[in-house]
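In: coordinates only, no sequence provided:
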């Protein structure tokens, strides 16, 4: 799955709207929407913030919930 799909999956799993996720992450709803549409890519800091807010790992957001790849950066 692509990042946009993974983000949608974890947001829905958390029961959050785009606006609620945006508020918790301190970004605009349009920013979250653009991620889910695949028209923007988050910075590493934003990616970490999204993962923390959604109670998942950066790996989960990047590779999907069933992948075991390690992100090294």
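Out: Nice, thanks for sending it over. Keep in mind that this is a model prediction, so the values were computed, not measured. Numbers count the residues shown, from 1 in each chain.

In: which of the residues in the biggest helix by length in the chain are buried?
Out: The longest helix of the chain (DSSP state H) is helix 3-14. Using 16 or more other CB atoms under 10 Å as the test for burial, helix 3-14 gives 3-4, 6-11. All C-beta atoms are positioned from the backbone trio N, CA, C, and that covers glycine.

In: I'd like those residues as a markdown table, with distance to residue 59 appended.
Out: Listed next are the buried residues of helix 3-14 as a markdown table, based on distance: CB to CB, whole Å:
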| residue | distance to residue 59 |
| --- | --- |
| 3 | 11 |
| 4 | 16 |
| 6 | 10 |
| 7 | 13 |
| 8 | 17 |
| 9 | 14 |
| 10 | 12 |
| 11 | 17 |
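
In: which one of those residues is nearest to residue 54?
Out: residue 10 (4.3 Å; CB to CB).

In: residues contacting the closest one?
Out: 54, 56, 60-61, 65 (CB atoms under 8 Å, 6 or more residues apart in numbering).

In: if you set the cut-off to 6 Å instead, what comes out?
Out: 54, 56 (CB atoms under 6 Å, 6 or more residues apart in numbering).

In: that one and residue 39: what is the separation?
Out: 19 Å (CB to CB, to the nearest Å).

In: quick check: which ranges of the chain have low pLDDT?
Out: Scanning the chain for pLDDT under 70 picks out 67-73.

In: how about the helices in it?
Out: 3-14, 18-25, 29-37, 44-53, 58-63.

In: off-centre distance for the fourth one?
Out: The reference is to helix 44-53. Helix 44-53 sits 7 Å away from the centroid of its parent chain (CA atoms, centre = their mean, to the nearest Å).

In: mind giving me the packing neighbours of that helix?
Out: helix 18-25, helix 58-63 (3 or more CB pairs under 6 Å, 6 or more residues apart in numbering; DSSP states H and E).
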